[in-house]
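Engineer: sequence plus the predicted model coming up.
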Amino acid sequence: MALNERDFFTEQPEMKPMALSCPKCGHRQEYQLRWIHRTKKDRIPAGADERDRALFSKLKDYLVRAEDFATCGKCKRRFEIPSHQSLAMYEPLAGLPVDDYDQ
Ligand SMILES: [Zn+2]
């Protein structure tokens, strides 16, 4: 059984502020958003093969945004948070293949 990237992390919810501009009225403010903080495990899980080991050595802690919408504090309209802002690194994830990253 192949390991999933998730097997390498422990997950924890975390609130983080994020500055967003409302696409409807242009109002910019900070939102407290829920994220999932993925912390790399101290050791690689049992059953890891060579490929898993190579991947594991490159992994860093990161955050995945758990909310897709924010409500503007000015015009009160709901808007979608741009998807390119759905991940945040604690450090750059250099060299990690995109295929693995998206699983
Ligand atoms: Zn607005």
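Structural biologist: Ah, there it is.
Engineer: so D52 sits in a strand?
Structural biologist: No: judged by DSSP: H, G, I helix; E, B strand; the rest coil, D52 forms no part of a strand; its state is helix.
Engineer: how many residues are close by it?
Structural biologist: For D52, the neighbour count with other C-beta atoms under 10 Å is 19. For every residue, glycine as well, the C-beta is placed using N, CA and C.
Engineer: how about it, nearest residue that isn't a chain neighbour?
Structural biologist: L3 (4.9 Å; C-beta to C-beta, 6 or more residues apart in numbering).
Engineer: the one you found touches E50, doesn't it?
Structural biologist: No: contact criterion C-beta atoms under 8 Å: L3 and E50 do not qualify, at 11.7 Å.
Engineer: assign a three-state SS to the residue of the chain most remote from its centre, would you?
Structural biologist: Distance from the centre of the chain peaks at C75, with 28.0 Å (C-alpha atoms, centre = their mean). Look at C75: counting by three-state DSSP, its state is coil.
Engineer: would you mind listing what in the protein touches the ion?
Structural biologist: Within the chain, the positions adjacent to the ion are C22, K24, C25, H27, C72, K74, C75 by C-beta under 5 Å from the ion.
Engineer: ranges for the helices of this structure?
Structural biologist: Taking DSSP state H as the test, the helices found in the chain are 50-58, 98-101.
Engineer: using JSON lines, lay out the residues of the chain next to the ion together with distance to R43.
Structural biologist: Output for the residues of the chain next to the ion, formatted as JSON lines (distance: C-beta to C-beta, whole Å):
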{"residue": "C22", "distance to R43": "45"}
{"residue": "K24", "distance to R43": "48"}
{"residue": "C25", "distance to R43": "50"}
{"residue": "H27", "distance to R43": "47"}
{"residue": "C72", "distance to R43": "45"}
{"residue": "K74", "distance to R43": "48"}
{"residue": "C75", "distance to R43": "49"}
